[in-house]
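>>> Sequence first, predicted coordinates after that:
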There are 2 protein chains.
Amino acid sequence: MKFVIIGGDAAGMSAASRAKRNEPDLEVTVLEKTPDVSYSACGMPYNIAEPDRDVDDLVVRHARVFREKQGIDLRTGHEVAQIDRATKTLTGKTQEGEAFKLPYDTLLIATGASPILPDLPGFDLPGVVALKSLEDGRRIKDFIRSQDVKKAIIIGMGYIALEMCEALCARHIDVAMVKPRPVFLPWMAEELASVVRKEIENHGAKIHPGHKIERIAAEGNTLKVFCPDLVLEGQMVLVAIGVKPCSELAAEADLDLGPSNAIAVDRTLMTNDKDIYAAGDCADAYHVVTGQKTWVPLALRANRAGWAVADNVTGKRAALPGIAGSAVFKVFDLQVARTGLSMHEAETFGFEPVETVIKTRSRAHAHPGSTTMHLQIVGDKKSGRLLGMQIVGREGAVHRIKAPSVALHANMTVEEFSQCDLAYAPPFSPTWDPMLTAANQLLKKM
Amino acid sequence: MKFVIIGGDAAGMSAASRAKRNEPDLEVTVLEKTPDVSYSACGMPYNIAEPDRDVDDLVVRHARVFREKQGIDLRTGHEVAQIDRATKTLTGKTQEGEAFKLPYDTLLIATGASPILPDLPGFDLPGVVALKSLEDGRRIKDFIRSQDVKKAIIIGMGYIALEMCEALCARHIDVAMVKPRPVFLPWMAEELASVVRKEIENHGAKIHPGHKIERIAAEGNTLKVFCPDLVLEGQMVLVAIGVKPCSELAAEADLDLGPSNAIAVDRTLMTNDKDIYAAGDCADAYHVVTGQKTWVPLALRANRAGWAVADNVTGKRAALPGIAGSAVFKVFDLQVARTGLSMHEAETFGFEPVETVIKTRSRAHAHPGSTTMHLQIVGDKKSGRLLGMQIVGREGAVHRIKAPSVALHANMTVEEFSQCDLAYAPPFSPTWDPMLTAANQLLKKM
């Protein structure tokens, strides 16, 4: 059987490797349009922060290893242009411009996501960059070095924008951030978002939400971002307003699309064509809280979905329960973590959400080195269910959030969660973990 | 109604405060034999580590506040000698030697636990100390200062022994630890235990397991601990071989006892007398994994049980699901965490346990500052259930363990746990959290 995979990053290479492990005789071909496979995309901001580190450090496994040690027919520089479902054939072009044609028995689309670039004047200027591929990382690092960038503008204020803000500040670059929507981190409880905002501003970066971007223009080596009431200047503009699933190939092949135009898949990662799977940032997922489809492009899901496809292709049945909406990131010295639904999301999905927001200390009474921790918990008044949690703090936020994530997978009520045996020792938390304190307080409203 | 509580620490004062909040007119009397109430006992080693900190810093709420602001009739220096269930009366003696008699309608026994002191020669010598009450903390600190202690011996190697080892090392005191049983941290997976042992030895403390202790003798200012094949010398000997529930009063009143002679209570914390509750370190609990009774004297359970008693006494029905066997502690720069059952415990309770032990890095591929993390996961081959986890690492062990704790409360299988959406970002973990990696590997054996 010929198992063909379009896309050689997290989902694609996970699927290829595992399929070969499961069934060494399987013919596995991966077509990747860029020269790079299997790299830590999420690590790019941290690599960019350090001028002396090679971007290629982020490569987890080299193409050669996949080819020679794992027996995967990995073809880089191969861009697929069309999926012909009737004849089960892919056609495309190599980097050198040569046309190719490849039949498949089972296909996995793992084309990932790509940065959204607004269709506005000046977004194609040199020095206007986006961060997605390893090649983008190299370009940005080269540009900072060659142009000796001292001042940069970031358009957008999502995870990648904030991580890049920190990375550029680490390189002593002045950063100004701007975006059209008025609310900073709109999915986050207001008190928590203001803690994050303050952390960024305390590190010298400027934040300008609520400014429509009209165009970018170059004047000599300076780029200017024009808003109706604001003009920002810098030598580099990073566009990080979000990503979109690379689902064009799938759409043209008449495969169903789901939320945000991600490729619609069932719990086995199968599309509406039984011979075609989709996994990773290009595909949708079930949300364990809402039971509805959602699109959250994150690395763990991509890896896990790649594995599940491999299992299904090699005759082990794997069905994924879905995602809990967990996400964590670092902003300077703050840890930011979320899982489940925000108040707004909970309302949208027909819950009757109530929330509690608390401010607490990170360590036990009288223990030295305690810092402030902010926490929001959301529950459903109708069912008593735990719906979500958000934590911002200087220690212990990111790993803590894994507990409510598990609780969401288990469909726990707030009361059940409040009774969990979350261990305590003075250097790490108050006797009642802040998550339990928040749950106890929320229970009074439910 | 007269609600009387014996014992004024975690469980007792939690119950008193919450009962008053629930029902302000309730008559609440607390009888505490020492002069201290409501202090962070777990914080004592960390306080002892710092010569300039006052032990009284550990007091969370002063007796005066309970009396004046909360209207609790708190009587310190009151030691109860007998519970007469027939007449529902307590009798005892005050610190000043005065007899007292007190009737109750509902009684809570919250007498805590006390250090086990072996009945061997020399354990009553000056300089032979144990750590339980705030008074013990004061005595130890005074002794270290007045005797200018340079060398100490710790008998025992449990949590408190290890925390005290760190505390004494912080004060530049040479520490040797000794215990009769041959295995260091016997409940812990061997690989993990050896990491903890190495951490202690790297900080200069000596560890001598497998030495039966015969007696302690004083020679001038020097104390000698005699074992058949070893003699250890120091100016102070800390006995930390474990604690036992203070259940004598209950036993004499013919209340049922459970594991380790802890007072037997149901899920509502009621003893076999419907007017008498027990909570905190003196009482037993259900284990959520085995469904059987167990005795784990820890602060969170004590606080939670105190609250539940208050709710039950004031007409709100509260039943506790139980404990998951979670415990965390710090040993120098290591975090140690466990939840659920060890292999041995799992076997004892009739499971068919299988384990996986992994060694992994704490951060993503190529992320700077990564450290080593060791993890053990235990599952039941028969049912597929997750039974337990242990983690040792320099970062992220303690808060991580909360996720499997929740999973144990939810009765998850290893497979269900392996599918949880535990968020990832490069500064905090590999894409697959080490807990998921361990679960994935364990699944292959199940």
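Ah, there it is. Keep in mind that what you see is a predicted model, and the values were worked out from it rather than measured.
>>> Most distant residue from the centre of chain A?
Residue distances from the centre of chain A (CA atoms, centre = their mean) peak at residue A:366, which lies 38.2 Å from the mean C-alpha position.
>>> That residue: what secondary structure?
Secondary structure, DSSP: H, G, I helix; E, B strand; the rest coil: residue A:366 is coil.
>>> ok, now which ones touch it?
Residues in contact with residue A:366, defined by CB atoms under 8 Å, 6 or more residues apart in numbering or on different chains, are B:40, B:43, B:47, B:57, B:58. Bear in mind the C-beta positions are built from the backbone N, C-alpha and C, glycine included.
>>> Tell me which of these fall in helices.
With helices taken from DSSP state H, the overlap with the contacts of residue A:366 comprises residue B:47.
>>> Can you select the buried ones among the contacts of residue A:366 for me in ChimeraX?
Selecting in ChimeraX just the buried members of these, where the criterion is 16 or more other CB atoms under 10 Å in any protein chain shown, is done with this command:
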select /B:40,43,47,58
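>>> Closest one of the contacts of residue A:366 to residue A:428?
For the contacts of residue A:366, the closest approach to residue A:428 (CB to CB) belongs to residue B:43, at 11.9 Å.
>>> That closest one contacts residue B:58, correct?
Yes. Shown here, residue B:43 and residue B:58 form a contact pair, counting by CB atoms under 8 Å, at 5.0 Å.
>>> in chain A, which spans are helices?
Taking DSSP H as the criterion, chain A carries its helices at A:10-22, A:44-48, A:63-68, A:134-147, A:159-170, A:190-202, A:248-252, A:299-313, A:343-348, A:397-400, A:402-409, A:414-418, A:434-445.
>>> ok, residue A:354 - contacts?
Listed by CB under 8 Å, 6+ apart, the contact set of residue A:354 reads A:378, A:379, A:380, A:381, A:442, A:445, A:446.
>>> From those residues, keep the buried residues only.
For those, a burial check counting by 16+ other CB under 10 Å picks out A:378, A:379, A:380, A:442, A:446.
>>> picking up where we left off before, tell me the one of the contacts of residue A:354 nearest chain B?
Minimum distance to chain B across these is 14.1 Å, recorded for residue A:446 (CB to the nearest CB).
>>> and among the helices of chain A, the most buried is which?
With neighbours taken as mean count of other CB atoms under 10 Å in any protein chain shown, these reach their highest mean count in helix A:402-409, at a mean of 29.
>>> How about residues contacting that one?
Contacts made with helix A:402-409 from outside it, assessed by CB under 8 Å, 6+ apart, are listed as A:288-289, A:321, A:324, A:326, A:339-340, A:377, A:386-389, A:416-417, A:420, A:422, A:435, B:399-400, B:402-407, B:410, B:412, B:416-417, B:419-423, B:433, B:435.
>>> same thing with stretch A:167-182?
Applying CB under 8 Å, 6+ apart, the external contacts of stretch A:167-182 come out as A:45-46, A:48-51, A:144, A:149-157, A:161, A:165, A:200, A:203-213, A:225, A:227, A:230, A:232, A:234, A:236, A:238, A:241, A:332.
>>> The same query, at a cut-off of 6 Å, please.
Applying CB atoms under 6 Å, 6 or more residues apart in numbering or on different chains, the external contacts of stretch A:167-182 come out as A:45, A:48-49, A:149, A:151-157, A:165, A:203, A:205-212, A:232.
>>> Same check on stretch A:269-282?
A:10-11, A:85, A:106-113, A:245-247, A:255-256, A:263, A:265, A:297, A:302, A:305-306, A:308-309.
>>> Repeat that for stretch A:412-427.
Here stretch A:412-427 has contacts from A:364, A:367, A:379, A:384-386, A:407, A:431, A:433, A:436, A:439-440, A:442-443, B:42-43, B:46, B:299-300, B:321, B:323-324, B:326-330, B:402, B:405-406, B:409, using CB under 6 Å, 6+ apart.
>>> could I have it exported to CSV, CA atoms only?
C-alpha atoms of stretch A:412-427 as CSV (Å, rounded to 0.1, in the frame of the first residue of the first chain):
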residue,chain,number,x,y,z
MET,A,412,-15.8,17.1,36.1
THR,A,413,-18.0,19.5,37.9
VAL,A,414,-16.5,22.4,39.8
GLU,A,415,-17.4,20.6,43.0
GLU,A,416,-15.6,17.4,42.0
PHE,A,417,-12.5,19.5,41.0
SER,A,418,-12.6,21.3,44.3
GLN,A,419,-12.3,18.0,46.1
CYS,A,420,-9.1,16.9,44.3
ASP,A,421,-6.1,16.0,46.3
LEU,A,422,-3.6,18.5,44.9
ALA,A,423,-0.6,18.1,47.1
TYR,A,424,0.9,20.9,49.1
ALA,A,425,4.3,22.0,50.4
PRO,A,426,5.2,25.5,51.5
PRO,A,427,7.7,26.4,48.8
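>>> For the stretch 1-150 of chain A, what lies in contact range of chain B?
Remark: the part of the stretch 1-150 of chain A in contact with chain B comprises A:40, A:42, A:43, A:46, A:57, A:58, A:60, using CB under 6 Å from any CB of the partner chain.
>>> my guess is residue A:217 contacts residue A:224, does it?
Yes. The criterion here is CB atoms under 6 Å, and residue A:217 meets it with residue A:224 at 5.1 Å.
>>> now the strands for the stretch 251-400 of chain A?
For the stretch 251-400 of chain A, the strands defined by DSSP state E, counting those that start in this stretch occupy A:276-278, A:285-286, A:293-294, A:327-331, A:334-340, A:353-361, A:372-380, A:386-393.
>>> Quickly check: the last one near chain B or not.
No. Residues of strand A:386-393 contacting chain B under CB under 6 Å from any CB: none, with a closest distance of 10.2 Å.
>>> Do you know the pLDDT at residue A:131?
In this model, residue A:131 is scored at 95, pLDDT.
>>> which residue is nearest the centroid of chain A?
The geometric centre of chain A, computed from its C-alpha atoms, lies nearest to residue A:298 (CA atoms, centre = their mean), at 3.7 Å.
>>> if I look at that one, how far off is residue A:329?
For residue A:298, the distance to residue A:329 under the criterion CB to CB, to the nearest Å works out to 11 Å.
>>> Same question for residue A:321.
Applying CB to CB, the value for residue A:321 to residue A:329 is 24 Å.
>>> Among the two, which residue is more densely surrounded?
The residue with more neighbours, out of residue A:321 and residue A:329 and counting by other CB atoms under 10 Å in any protein chain shown, is residue A:329; that gives 25 against 15.
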